[in-house]
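In: any chance you could fold what I've pasted below:
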Amino acid sequence: MGRVESDDVDGLLASYQGERPAPPGRPWVMANMVAGLDGSAAIDGRVRGLSGEVDRALFVHLRAQADVVLVGAATVRAERYGPLRLTDEQRKARLDAGRTEVPRLAVVSRSLVLDWDGPAFTSDDGPRPLVVTSWSAPVELRAEAEAHAEVLVAGEDTVDLAAVLAELGDAGASVVLTEGGPMLLGELVAEGLLDELCLTLAPVLGGDALPVAVWPPGRRPAPEVHLVEAREVGGHLFLRYHLDGR
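Out: Down below sits the predicted model:
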């Protein structure tokens, strides 16, 4: 584990670089989340009140390393997602490496109640968004979704995240980044599908009564989580964990 001086932003970002070997049958899955000291994952329904300048730089830095950014529909609505922005330097590096200029946005939605006029689905900057749903979604709403995004149906009553990740891997994704929300993160952990958690602990108290991960009812506690790095920058604590000994 390491600790850096509070102004070593470049050192912090560099520590998140490196190989992420894909497990058999699916991509490597990492999560990037931020929480207050009381464990809250939002203030007034949004993350911005917890996220500082350095955390926002890390946010973009991790997106640049992903092939797909997987997000729950509630988070897309609350955070008003648009196209996935990267710096010109990051875009060039991806193209030079034979990757898409920006990662693809994949939205998990069982209800398919999404803002199709929002920037996440109307921008032509980047690959066409992917919407992931289950067979229980209304047929008419699925048809509407197909007019605005590519639709992947996996699972009967709920979205089969293991099947989704297998499909993404077959399509060439080697790293999938999830930015939440808490319910999606809880489901990924409960299914044994999360490999790495990047957690920023903000020096803030008094956020919403919403934890970083919402555990599915009746599920056993998470497998052992291993702290692999801890760094402090600008009063924020940046923690990186591996799950299942990875």
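
In: buried stuff in the helix or strand encompassing Met183?
Out: In this structure, Met183 sits in helix 182-190 according to DSSP states H and E. By 16 or more other C-beta atoms under 10 Å, the buried positions in helix 182-190 come out as Pro182, Met183, Leu184, Leu185, Gly186, Glu187, Leu188, Val189, Ala190. Using the backbone N, CA and C atoms, a C-beta is placed for each residue, glycine as well.

In: nearest to Leu62, of those residues?
Out: Distance to Leu62, by C-beta to C-beta, is smallest for Leu185 among these, at 14.4 Å.

In: and that closest one, how far from Val113?
Out: Taking C-beta to C-beta, to the nearest Å as the measure, Leu185 falls 21 Å from Val113.

In: list phi and psi for the most centrally placed residue in the chain.
Out: Averaging the C-alpha coordinates of the chain gives a centre point, and the residue nearest to it by C-alpha atoms, centre = their mean is Thr178 (1.6 Å). Listed backbone geometry of Thr178 is phi -110, psi 140, with angles given as degrees, to the nearest 10.

In: could you give the angle of the host helix or strand of Glu229 to helix 182-190?
Out: Glu229 belongs to strand 225-233 when assigned by DSSP H and E. Strand 225-233 runs at 130 degrees relative to helix 182-190, counting by axes from the mean of the first three to the mean of the last three C-alpha atoms, to 10 degrees.

In: secondary structure class of the residue lying farthest from the centre of the chain, three-state.
Out: Distance to the chain centre peaks in the chain at Glu140, reaching 28.1 Å (criterion: C-alpha atoms, centre = their mean). Recorded secondary structure, Glu140: helix (DSSP: H, G, I helix; E, B strand; the rest coil).

In: which ones are touching it?
Out: Applying C-beta atoms under 8 Å, 6 or more residues apart in numbering to Glu140 gives no contacts.

In: same thing with Leu210?
Out: Residues touching Leu210, when contacts are defined by C-beta under 8 Å, 6+ apart, comprise Ser40, Ala41, Ala42, Pro182.

In: just flag the most distant two among those residues.
Out: Ser40 and Pro182 (10.2 Å).

In: output the contacting helices and strands for the longest helix along the chain.
Out: Assignment by DSSP state H gives helix 53-64 as the longest helix of the chain. Contacts defined by 3 or more C-beta pairs under 8 Å, 6 or more residues apart in numbering; DSSP states H and E place helix 53-64 against helix 9-15, strand 28-35, helix 88-96, strand 196-201, strand 236-243.

In: just the buried positions in that helix, please.
Out: The neighbour-count criterion (16+ other C-beta under 10 Å) identifies Val54, Asp55, Ala57, Leu58, Phe59, His61, Leu62, Arg63, Ala64 as the buried residues of helix 53-64.

In: over to stretch 77-87?
Out: When neighbours are counted by 16+ other C-beta under 10 Å, the buried residues of stretch 77-87 are found to be Arg77, Ala78, Glu79, Tyr81, Pro83, Leu84, Leu86.

In: also stretch 143-159?
Out: Taking 16+ other C-beta under 10 Å as the neighbour-count basis, stretch 143-159 is seen to contain the buried residues Ala145, His148, Ala149, Val151, Leu152, Val153, Ala154, Gly155, Val159.
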